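J.: My questions are about this predicted structure, shown below with the sequence.
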Amino acid sequence: MQITYHGHSCVQIVTKGKSLLIDPFLRGNPIAVTKPEDIQTDYILLTHAHTDHILDAEPIARANDATVVATFELAMYMSSRKQLKTIDMNIGGTVDLGFAKAKMIQAFHSSGIFLEEGQIIYGGMPAGYIIQAEGLTILHAGDTALFSDMKMIGDRHPIDIAFLPIGDHYTMGPDDALQAAEWFGAKLVIPVHYNSFPLIRQNAQDFVRRLEVQGQQGRVLAPGEKFEITKEK
Ligand code: NI
Ligand code: MN
C-alpha cells in the first residue's frame, strides 16, 4: 500500500492498483506541491463540507470519472448541484469499495456548505473514516475536537495509522491530539491540518517527540511525501 500526504487533510491511499483520495484541498493550500490535475484516483472520500476539505473534489472527480463518498447531505449536493457520481452514507456505516472498506465515524466539528453567494447550507454531520485494506487499518479523524468516544473507537478497531489534526483553532491542538492518539491506540500517528495558514501554525516535530514520550510512534510528512507500508506478518 502506498500512502501520500498532499498537505492539510488530504491523504491518498493506493492499494491493489486502485486509489482513494481523502479531502482534496490543493489549489487553496499555499504549501501544497500537488496540483489537482496531477491526481489519479477512483474514489474521493469527504469528511465534511468545509472548503478546505472539498475545494478540489469537483475537478478531480470530473477528470478521473471518480466517485465521491460523503454523508447523505453532502453527497446529494455533489450529485444534484455538481452532477458527480456519488455514494451517500452516514456515520456508523461501512461501504465496500472492492479494494478497501471505508467506515464512517463520528467527528466533533461542523459541516456547513459555503455557497458562492455567501449563504451556508446544511452539509450533514462531520465525520472521519476508518479505511481497511491489505489487512491494515487506517484512521482519518477529519476535523474534530477531542471526544471520549475516541477511546471506544480505539478499543474496537486495531488502528495501524491515525491521521490526526493538530492545528488548533478549528480542531484539536497538539495537547488534545496527544490524548486522542492514546485513546485511538494507533501504532503510527501522522499529524495533519496544520501550517496551511498562520492561524493553524504548529511544530509537528515537537508533537512527534511528545508522542514518543508517551510511548507512541509518530511521523511528520511534508506535503507531497509518500511511503509504502505492508502488514507485518
Ligand atoms: Ni472543517
Ligand atoms: Mn478544516
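T.: Looks like it arrived, so ask away. Residues are numbered from 1 along each chain as shown. Ligands and ions are numbered 1, 2, ... in the order given.
J.: rest of the way, CA atoms for contacts and neighbours
T.: Will do.
J.: Quick check on residue 213: phi, psi?
T.: Main-chain torsions, residue 213, degrees, to the nearest 10: phi -60, psi -40.
J.: now residue 80
T.: According to degrees, to the nearest 10, residue 80 has phi -80, psi -40.
J.: Could you do residue 69 as well?
T.: Dihedral angles for residue 69 - degrees, to the nearest 10 - are phi -110, psi 130.
J.: List the contacts of it.
T.: Counting by C-alpha atoms under 8 Å, 6 or more residues apart in numbering, residue 69 touches 43, 44, 45, 46, 75, 86, 87, 88, 89.
J.: Residue 89 versus the third one, what's the distance?
T.: So that's residue 45. Counting by C-alpha to C-alpha, to the nearest Å, the gap from residue 45 to residue 89 is 11 Å.
J.: Report the buried residues of stretch 164-179.
T.: 164-168, 170-174, 176-179 (16 or more other C-alpha atoms under 10 Å).
J.: now do stretch 219-229
T.: Buried residues in stretch 219-229 (16+ other C-alpha under 10 Å): 220, 221, 222, 223.
J.: Report the backbone C-alpha coordinates of that stretch in CSV.
T.: Taking Å, rounded to 0.1, in the frame of the first residue of the first chain, the C-alpha atoms of stretch 219-229 are listed here in CSV:
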residue,chain,number,x,y,z
ARG,A,219,5.9,10.7,11.7
VAL,A,220,5.9,14.1,10.1
LEU,A,221,5.2,14.1,6.4
ALA,A,222,5.9,17.1,4.2
PRO,A,223,3.2,17.9,1.6
GLY,A,224,3.7,15.6,-1.4
GLU,A,225,5.6,13.0,0.7
LYS,A,226,4.7,9.3,0.3
PHE,A,227,5.6,6.0,1.9
GLU,A,228,4.9,2.3,1.4
ILE,A,229,3.5,0.1,4.2
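J.: Return the distance of that stretch from the chain's centre.
T.: 14 Å (C-alpha atoms, centre = their mean, to the nearest Å).
J.: follow-up on the earlier one: compare residue 45 and residue 89 (neighbour count), which wins?
T.: Using other C-alpha atoms under 10 Å, the more surrounded residue of residue 45 and residue 89 is residue 45, with 27 against 18.
J.: OK, contacts around the more buried one?
T.: Contacts of residue 45 (C-alpha under 8 Å, 6+ apart): 20, 21, 22, 23, 68, 69, 70.
J.: Identify the bridge partners of it.
T.: residue 22, residue 69 (DSSP bridges).
J.: quick one on the thing from earlier: nearest to residue 147, of the contacts of residue 69?
T.: residue 46 (20.5 Å; C-alpha to C-alpha).
J.: Give the burial count for that closest one, as a bare number.
T.: By other C-alpha under 10 Å, neighbour count at residue 46 equals 26.
J.: That one against residue 68, yeah?
T.: Yes. With contact defined as C-alpha atoms under 8 Å, residue 46 counts as touching residue 68 (7.3 Å).
J.: re earlier: in strands, which of the buried residues of stretch 164-179 fall?
T.: Among those, the members falling in strands (DSSP state E) are 164, 165.
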